[in-house]
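Asker: 3D, please:
(2 chains)
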Amino acid sequence: MTQLWREIFDAADRALEMEPAEQRAFVEEYLAEHPAEGIELKALIDGADAVSSLEIPASVFAAPLLREAPGDDPEDAGGRSQSEGAVFGPYRVRREVGWGGMGAVYLAERSDDQYQKQVALKVLPRWSGGDHRRMQRFLEERQILASLDHPGIARLLDGGVTAGGLPWFAMEYIDGKQIDRYCAEAHLSIEERLRLFCDVCSAVQYAHRNLVVHRDLKPSNILVSDEGRVALLDFGIARLVAGDSSAPVAATTGDRLMTPLYASPEQIRGEPASTTADVYALGVLLYVLLTGGNPYRLATFDTYEIVRAVLEQEPERPSSCASNDAKLARRLRGDLDAIVLKAMAKETSRRYATVEQFQADVQRYLTGMPVIARPESRSYLARKFVRRHRLGVAVAVAAVVLVLSFATVMTVQRARIRAQSQRIAVERDRAEQVGELLLKSIQSVTPGDSGITARNILDSATSRIDQQLGAHPAQRARLLFEMAGAYHKLGIDGRAQHLLNVSLELRRRLQPRADREVAETLDLLGAVFLAQGNVKQSEQSYREALTLRRMNSSGPDRDVARILVGLSSALRARRLFPEAERVSREAIQIDQSRPGGRVDLASSTGALARVMADQGRHVEAVKILRQSLEILRETRSEDDPQVATTLFDFAASLHGAGNHREADSVLRRALSVQRRLLATALLRGTANFEGAPSLAAWNDVMAPVEHAFAASPAAAAALPAAGAKNPELVFVSDRDGPDPVGDRGNHEIYVMNADGSNERRLTNEKSVDFQPAFSPDGRQIAFASQRNGGHDIFVMNADGSQQRRVTNFGALGLQAMSPTWDPDGKRITFNSRGKQTDIYVINLDGSGLVQLTEDPGGASQPAWSPDGEKIAFSSNRHGKPEAYVMNSDGSNQVRLTFNDAVDGRPAWSSDSRRIAFHSGRDGNFDIFVMNADGSNQVPLTRNPGEDSYPSWSPDGKRIVFQRVVLGHNQIFTINANGSGERRLTELSPVAFNGFPNWNPARR
Amino acid sequence: MDQDTDITSQLLAWRAGESSAVEKLFPLVYDELRRIAHRHMGRESSGHTLDTTGLVHEAYLKLVDQTRAQWTDRAHFFAVASNAMRRILVDHARSYRTDKRGAAPRRVSLTDDLLVAEQRADTLLAVDEALVELAQLDERLSKLVECRFFAGLTEEETAEVLGVTARTVRRDWTKAKGWLHRKLE
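Answerer: Prediction:
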């Protein structure tokens, strides 16, 4: 028996160190090999998750029996519980069903058998009968319940006083489950949970309207019956508010009986609690319902720690809390994160002002509308999206973007749009009309099982056009045309074609003649036919559009050029290449000769390039596209849909021309532009009608790339594989949150290749991990981390596995940082910070701690020379940090730099002959190089920004460092002779990438 | 203060290798914890829960001369105190159950949050019994449950008491919970 369990425990030890997927596989394999042990192992691992009672301290678990333990208080004896059969008024107690804030709750039945009815009976415990305050509160709860009549609140049925003077009351008995349990057991989807939550909000709102603040909302006070009916219970510490229900209720002494996890900070501080305290508690509730987890990172569940967390800790975002369920995390990220965190804001002013607002925002989410919880800062939003969302998700949301852009064009961006030019103003009027229509449609759509979709909204909008504008053919035709455009962008071309035909019919019959509108309709119809593969009809439509437009224009005309571009696509699809080339050249000519045409020139040159590419004339296509990109750089911003499209074409042509390396980097650029575009468009709704990225457009640009790569599998496969196993650089970034604005959030460790490719994250501790350093054999990485609350040195394998602590300086009240390795890879040198700053050496297993310096000014940033003899470091002993070197036992300290500026972060070349360091001697920080004896100090970089934290490549030819760009460090490399400087990490106004370190074992 | 009843002296003796110190220590810590616990329960009878974590820390600060104690002593004290807390809570559960015989159907569960008082007492007693068995399979796991559940110590503190890393504590905690679940559910 013992042997059996020893083996199971051993296997569990191995399994528990694995990632979930790996673990599952391991358990399955183990089960196959050792059936007897395997069954136990599986039960053990699965069972552990289910155990909730042990996660709270025993004293809390056993609270009901401790509170009234016999003998503790003689006066209480016998008063703790009403035994079965006791009678209160017409009710007879059947059994105790739970504990409310005020004592026991019993299930009881009418004893007069007038009609069979079960009730929940609440009786003031005898032992508190003499306590005036408790009596008062008990009667108040009865009073409050009497004033409330709502399906979501358990009704008061009856009340009275026993012969012994104990007050009691009977409530509707809700045969249900706690809401969190109900959600889990019924496996409710996110939408279902949100709807259930809205029911809770309705009940709370009703209470608020009746001037009652609940003040103790938590899962155990909210039951859900089998039919899904929600019922609020236990108004035991609720308060009546006089007059205005948003006015705070004064706190009274000893009033704080609420559950700390759901109590708002102001309640905990004993400050007056108003309806916003209920908003907070509902926020916590929603958090728990969505994630199944706890908003705060708590080591224990003792009251003190919870209270402190509620007061001081920012709640973890729901999506990070659910990070072990990637699919769920993705759903929560963004709107739901924002909604929950807004409700849970520490300051009442930052919360939703009312439960109604809170509920409305949840409803908005459910109907696919933008939520008000989303802060407006562009960088905040862009970062959240760009950094976290994978490409696939971005593609999936593209369709929604389009619809959001309609709505927000009028709601959010009205002011901005007004300020824009005449041409855009025309579009605005259009968009507003469309937007209004859509808004109404959104409000009228009842979400189906799969929630609300863009398609739902468009369908509803279209039917409204017919209902409301039947008598206004011009307007009706225009809106049908706009709707068709939307369907086309969603890839629903059959529907688009139908609407365009109707619109075309209407427009052809308009008086006075509307040739421009007819041409516009035919132009779009051409695109729709093309998308459906009806290439001949497409060509016909374009040609007719062209004729009409030409009849009505004089001189070079923008619309003519655009139709020509469309026509060239149709001809290209028919493989009529000479004609396609002629047509696109004509478009180019028009754009070149008309005033302001340069803006569109990229579109017409792009058309020509595609004609070339389709004929396999990739070299010519590359040449043309280079010009297109040049034009775009002049005329458009970096993040423009046209830029993305052109970059994709360019990548495909480069690939076709055999220039795989450049193709790869262009493709990466294209993807990042596209990602940003989608992010910005989705989150801010700034994409205008024409520019909205769409699934169809996306497929359009991706198809040739995929096609090109598929044609050359070897080249395609070569792209991601290089150096995948053995990364060249390790660095730190805060790109993954969780704190979107501050710096307190996530500093995580990443690796990448020396050309910036193949980035991967190694750590995931939601704390600050920084200053990573490869071991000499490249197999391990030492780093500093705050994950244990202090600053300590940790070590992990180079793939991120087996992260373990080396130092325990937190316990000494010191901070340990700046780890580097000895040449044998057995010891780590680092420096402390805090009361004193000095350099230490420690063995990897945490033993053998030796202090090397006792520096009055503080010694830091040690670097062990690869030959093992010296340690370079930085010391403040002369007032400013200067570079020093000493023997590896701390003796013979020699100063290397002499100036009034900072010289620090020394780093050895692999031959131990040179030291790179950063210096502020020229007025700003640059990377310098010197000989190991301090001679020949020369600057390597000369940049007005700040360069720091150098690290050498193992061949001594390059140095990686960090440079501040746009206010954040990014990682650069430069050749050791000062040439070939290049940036490796993507620029960002919000995320930093820094602390680079080169793998010494990767030559 | 009498050497035998001075907790600090016993802790120092323990650190010095005197194994009988542990036996002398237990009753001292037990009595003190029980006393403090009763005082707390009296004070908080108006509806709040007893905070064991605070209690163990309070006892440590109160009973141990901080100028003489070291880190190891704190770990030793927590180990004894965790065991004592287990005894105190189990005593409570037992007398509660005796007093309330038959009031609620017997039911033991580690996963159900809606247990009434009697069932909580049953569960506590069942965990206590199961731990005796667990101690024979792996004593550290049983101590761990004492520290984490009965004394409400943090992961870090538990790691200190058991002389292992917090990571091991986390792993062992899963094993212990899983085993108890298998045993009791």
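
Asker: tell me the centre residue of chain B?
Answerer: residue B:82 (2.9 Å; C-alpha atoms, centre = their mean).

Asker: how about chain A?
Answerer: Short answer for chain A (C-alpha atoms, centre = their mean): residue A:333, at 4.3 Å.

Asker: helices along chain B, start to end?
Answerer: B:7-15, B:20-43, B:52-63, B:71-99, B:117-137, B:139-145, B:155-162, B:166-184 (DSSP state H).

Asker: quick one: buried residues of the second one?
Answerer: For helix B:20-43, a neighbour-count test (16 or more other C-beta atoms under 10 Å in any protein chain shown) marks B:21-22, B:24-26, B:28-30, B:32-34, B:36-38, B:40-41 as buried. Any C-beta I mention is one placed from the backbone N, CA and C, and that applies to glycine too.

Asker: on that earlier part again, nearest residue to the residue nearest to the centre of chain B in space, please, no chain neighbours.
Answerer: Closest residue in space to residue B:82, ignoring its immediate chain neighbours: residue B:151 at 3.7 Å, by C-beta to C-beta, 6 or more residues apart in numbering or on different chains.

Asker: touching, that neighbour and residue B:85? I think so.
Answerer: Yes - Residue B:151 is within contact range of residue B:85, at 4.6 Å (criterion: C-beta atoms under 8 Å).

Asker: contact partners for the nearest residue to residue A:930 once chain neighbours are set aside?
Answerer: Nearest non-adjacent residue to residue A:930, counting by C-beta to C-beta, 6+ apart: residue A:937, 4.2 Å away. Counting by C-beta atoms under 8 Å, 6 or more residues apart in numbering or on different chains, residue A:937 touches A:897, A:919, A:928, A:929, A:930.

Asker: phi, psi for residue A:937 please.
Answerer: phi -80, psi 120 (degrees, to the nearest 10).

Asker: hang on, the earlier thing: in TSV, list the helices of chain B along with mean pLDDT and distance to residue A:177.
Answerer: TSV is the format used below for the helices of chain B (pLDDT from 0 to 100; distance: least, C-beta to C-beta, whole Å):
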stretch	mean pLDDT	distance to residue A:177
helix B:7-15	82	47
helix B:20-43	75	31
helix B:52-63	73	29
helix B:71-99	84	26
helix B:117-137	88	17
helix B:139-145	93	28
helix B:155-162	88	31
helix B:166-184	91	21
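
Asker: compare those and give me the one nearest residue A:850.
Answerer: Closest approach to residue A:850 among these is made by helix B:71-99 (19.9 Å; C-beta to C-beta).

Asker: in that closest one, what's buried?
Answerer: For helix B:71-99, using 16+ other C-beta under 10 Å, the buried residues are B:73-90, B:92-93, B:96-97, B:99.

Asker: check stretch A:879-892 too.
Answerer: Buried-residue list, stretch A:879-892, by 16+ other C-beta under 10 Å: A:880, A:881, A:882, A:883, A:884, A:885, A:886, A:888, A:890.

Asker: burial measure for the residue lying closest to residue A:615 once chain neighbours are set aside, as a count.
Answerer: The shortest distance from residue A:615 to any residue other than its chain neighbours is 5.3 Å, reached at residue A:577 (C-beta to C-beta, 6+ apart). Number of residues near residue A:577 (other C-beta atoms under 10 Å in any protein chain shown) recorded here: 16.

Asker: residue A:577 is in contact with residue A:614, isn't it?
Answerer: Yes - using C-beta under 8 Å, residue A:577 and residue A:614 qualify as a contacting pair, with a distance of 7.1 Å.

Asker: just send the helices of chain B back as CSV, with distance to residue A:143 too.
Answerer: As requested, the helices of chain B are arranged in CSV below (distance: least, C-beta to C-beta, whole Å):
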stretch, distance to residue A:143
helix B:7-15, 52
helix B:20-43, 29
helix B:52-63, 36
helix B:71-99, 34
helix B:117-137, 28
helix B:139-145, 45
helix B:155-162, 46
helix B:166-184, 43
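
Asker: quick one: closest of those helices to residue A:92.
Answerer: helix B:117-137 (20.0 Å).

Asker: got any ranges where the stretch 151-300 of chain A has weak pLDDT?
Answerer: Along the stretch 151-300 of chain A, segments meeting pLDDT under 70 span A:162-166, A:236-259, A:270, A:272, A:299-300.

Asker: where along it do the strands fall?
Answerer: Counting by DSSP state E, counting those that start in this stretch, the stretch 151-300 of chain A has these strands, from start to end: A:156-161, A:167-172, A:176-178, A:212-213, A:222-225, A:230-232, A:239-240.

Asker: work out the gap between the first one and the centre of the chain.
Answerer: Right, the one you point to is strand A:156-161. In terms of C-alpha atoms, centre = their mean, to the nearest Å, the centre of strand A:156-161 is found 50 Å from the chain centre.

Asker: same thing with the second one?
Answerer: From the chain centre to the centre of strand A:167-172 is a distance of 47 Å (C-alpha atoms, centre = their mean).

Asker: now swap in stretch A:345-354 and tell me
Answerer: 22 Å.

Asker: give me the buried positions along that stretch.
Answerer: A:345, A:346, A:348, A:351, A:352, A:354.

Asker: again, but for stretch A:592-603
Answerer: In stretch A:592-603, counting by 16+ other C-beta under 10 Å, buried: A:594, A:597, A:600, A:601, A:602, A:603.
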